[in-house]
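> attaching a predicted model along with its sequence, questions to come.
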Amino acid sequence: MITTQTYLNENLPSILDELFTLIRIPSVSAHQHAKDALYQCADKWVDVLLKSGVDKALVMATDGNPVVYAEKLVDESLPTVLVYGHYDVMPAEPLELWKSLPFEPEVRDGKIFARGADDDKGQSFMHAKAFEYLVQTGQLNCNVKFLLEGEEEIGSPNLEAFCEANKSLLTCDTILVSDTSMLAADTPSITTGLRGLAYWQIEVTGANRDLHSGIFGGAVANPINELSKILAQLTDEQGRITIPGFYDRVQELSPEEKKLIDQVPFNEEMYKQNLGISQLYGEKGYSTIERTGVRPTLDICGIWGGYTGEGSKTVLPSKAYAKLSARLVPDQDHHEIMQLVADHLRAIAPGHVKIDVIPLHGAASYVCPIDSPAYKAAEQAYEKVFGVRPLPVRRGGSIGVVPVFEKVLGVKPILMGFGLESDAIHSPNENFPLEMFTKGIETIVAFYGYYCLKSKV
């Protein structure tokens, strides 16, 4: 029987051509003018999955961008794996920082450079090719379903409703998600936790119009000054968030979890060097790994107002704005935190300005057990391909759909990511090493072998 490596070696040029066709479609969900591209990408995914061997594939409507669903049902007595991915991508701007065109994939230095090369067209495509190999070699011994959405990069606002409306269609025994990363190319890891998210926009208003700072300065409050004072009160010198009740539901780590975190390799000097900083900063009493994976945060993501153009303009602005985000951990509820922070901001705002706090979106946190049959199968698969046992690692990011799957479908997803920190997802020059692309396919193939074998026992 042809091995996965041989199959990839013989077919890699055509596999990449097929992936590049997907990447060339600028399916940016944040851009309203990209609707046609999003539908085009969904249609192309149908072609890809039919070619890979599914029995049926179709584009299904939501209140936003469409979902692609596909399936191959081998035998109802066999376990069913649901594969999730997303075909939308982040905006490519700033374009001038790219060394090659973002939607014209280019292979150089052993890496695929393009928007979506990793996140998430490249990683989703690995599953299609692993599935194709299993079908063509007669090794597929379970049912497989695919679900690809077009709104992940804008918070998956319509996927929960889609899942609720299609529970029976999406019935499965486990869910595979490849939208995360590993610690390093030689240090495989499986993401076992994601932080939740809450996000707000703040608007502070002073006078009913912009004013001359010479005539009115000293008599009328400056919204930028006041907004800065408000935001400065949200954290203290120890890096702790000062909002009453913010930490009330935070789940503390067990001694066993702390031991697992201590196993994660971390070079602080290299970390600082890569970021171009001389010192690290964060909540006192916790390591950097803990701060970025298992502790909540509150950050100002943007702040603006007044005159920011060339030269000077002596204006006392009418309004000032900020965007604020919190990363949340078990058992913080993002709805509760949304309200808690909004109430606190309104309470501390001085009477000489008006403040509006607008919740934008949120997501729940997620923790995956490391003793389930699906996790153990993933663990064995990584070890087979990479030669070492993968470390369980909690990550600081958020993938809103992952806790949605747990909530709606009652299944805990396995986060089998193959990206690297150097892949620059969401940034100019996003890339995906060919080595990780091919090893990812091999690992997914191995997962099916171990998981279906365990499920039959």
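Now that the structure is in, tell me what you want to look at.

> quick one: residues contacting the residue of the chain positioned farthest from its centre.
Here the chain reaches farthest from its C-alpha mean at Ile215, the gap being 48.8 Å by CA atoms, centre = their mean. Not one residue lies near Ile215 by CB atoms under 8 Å, 6 or more residues apart in numbering. All C-beta spots, glycine's among them, are computed from the backbone N, C-alpha and C.

> roughly how far apart are it and Pro317?
14 Å (CB to CB, to the nearest Å).

> how much space separates Gln380 from Pro26?
38 Å.

> same question, Lys354
40 Å.

> looking at these two, which is more packed in?
Taking neighbours as other CB atoms under 10 Å, Lys354 and Pro26 compare with Pro26 leading, 20 against 13.

> need the pLDDT of that one.
Pro26 carries a pLDDT value of 98.

> that one in helix, strand or coil?
Under the three-state scheme (DSSP: H, G, I helix; E, B strand; the rest coil), Pro26 adopts coil.

> residues in contact with it?
34, 37, 89, 92, 103, 115.

> what does Leu227 give?
Leu227 sits in contact with 202, 204, 303, 305, 320-322, where contact means CB under 8 Å, 6+ apart.

> tell me how many other residues crowd Asp186.
9.

> what sits against it?
386, 388.

> and it, how close does it get to Tyr271?
Counting by CB to CB - Asp186 and Tyr271 are separated by 17 Å.

> what are the ranges of the strands in the stretch 351-457 of the chain?
Assigned by DSSP state E, counting those that start in this stretch, the strands in the stretch 351-457 of the chain fall at 354-363, 366-367, 391-395, 414-415, 431-433.

> among the ones you listed, which is nearest Arg240?
Across the strands of the stretch 351-457 of the chain, Arg240 has its closest neighbour in strand 391-395 (20.0 Å, CB to CB).

> who are the packing partners of the closest one?
Counting contacts by 3 or more CB pairs under 8 Å, 6 or more residues apart in numbering; DSSP states H and E, strand 391-395 packs against strand 189-194, helix 255-262, helix 288-293.

> who's in contact with it?
180-181, 183, 187-195, 260-261, 263-264, 293-294, 367, 370.

> and for stretch 251-260?
Outside stretch 251-260, the residues that reach it (CB under 8 Å, 6+ apart) are 261, 290, 294, 329-331, 391-392.

> quick one: end-to-end length of it, please.
Criterion CA to CA, to the nearest Å; first-to-last residue distance in stretch 251-260 is 16 Å.

> before we move on, back to that, ChimeraX command to pick out the buried ones of the contacts of stretch 251-260?
To isolate the buried members of the contacts of stretch 251-260 in ChimeraX, using 16 or more other CB atoms under 10 Å:
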select :261,290,294,329,330,391,392
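
> farthest-separated two in the contacts of stretch 251-260?
Taking CB to CB as the measure, the contacts of stretch 251-260 have their most distant pair in Asp331 and Leu391, spaced 24.1 Å apart.

> for the stretch 351-457 of the chain, give me the ranges with low pLDDT.
Counting by pLDDT under 70, the ranges of the stretch 351-457 of the chain that qualify are 454-457.

> any idea how far Leu16 is from Leu360?
For Leu16, the distance to Leu360 - CB to CB - is 37 Å.

> which stretches in the stretch 251-400 of the chain count as helices?
With DSSP state H, counting those that start in this stretch as the criterion, the stretch 251-400 of the chain has helices at 255-262, 268-275, 288-293, 334-348, 373-386.

> the first one - what's its average pLDDT?
When you say that, I think you mean helix 255-262. Across helix 255-262, the average pLDDT comes to 85.

> and that helix, what's buried?
Neighbour-count burial for helix 255-262, counted by 16+ other CB under 10 Å, picks out 257, 260-261.

> wait, which of these is closest to Asn222?
Within these, the smallest distance to Asn222 is 44.4 Å, found for Ile261 (CB to CB).

> counting neighbours, what do you get for the closest residue to Ala381 other than its chain neighbours?
Spatial nearest neighbour of Ala381, chain neighbours left out: Ala446 (3.7 Å); criterion: CB to CB, 6 or more residues apart in numbering. By other CB under 10 Å, 20 other residues sit near Ala446.

> residues contacting Ala446?
Residues near Ala446 by CB under 8 Å, 6+ apart: 380-381, 384-385.

> need the contacts of Pro26 in JSON lines with neighbour count, can you?
Converted to JSON lines, these look like this (neighbours: other CB atoms under 10 Å):
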{"residue": "Ala34", "neighbour count": "21"}
{"residue": "Ala37", "neighbour count": "20"}
{"residue": "Val89", "neighbour count": "32"}
{"residue": "Ala92", "neighbour count": "19"}
{"residue": "Phe103", "neighbour count": "19"}
{"residue": "Arg115", "neighbour count": "27"}
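
> mind listing which of the residues you listed are in helices?
Among the contacts of Pro26, the members falling in helices (DSSP state H) are Ala37.

> lowest-pLDDT helix or strand in the chain?
helix 255-262 (a mean of 85; mean pLDDT, DSSP states H and E).

> CA atoms only for stretch 149-165 - export them in CSV, please.
The C-alpha coordinates for stretch 149-165 follow below in CSV (Å, rounded to 0.1, in the frame of the first residue of the first chain):
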residue,chain,number,x,y,z
GLU,A,149,-17.5,28.8,7.5
GLY,A,150,-16.9,32.2,6.1
GLU,A,151,-17.1,34.4,9.2
GLU,A,152,-14.5,33.1,11.7
GLU,A,153,-12.4,36.3,11.3
ILE,A,154,-15.3,38.5,12.3
GLY,A,155,-16.4,36.4,15.3
SER,A,156,-18.6,33.7,13.7
PRO,A,157,-21.8,35.7,14.4
ASN,A,158,-24.1,33.3,12.5
LEU,A,159,-22.5,29.9,13.1
GLU,A,160,-24.2,29.1,16.4
ALA,A,161,-27.6,29.6,14.9
PHE,A,162,-26.6,27.4,12.0
CYS,A,163,-25.5,24.7,14.3
GLU,A,164,-28.7,24.9,16.3
ALA,A,165,-30.8,24.6,13.2
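
> list the contacts of it.
Contacts for stretch 149-165 (CB under 8 Å, 6+ apart): 27-30, 38, 41-42, 60, 62-68, 84-90, 120, 170, 179, 361, 363, 399-401, 404-405, 407-409.
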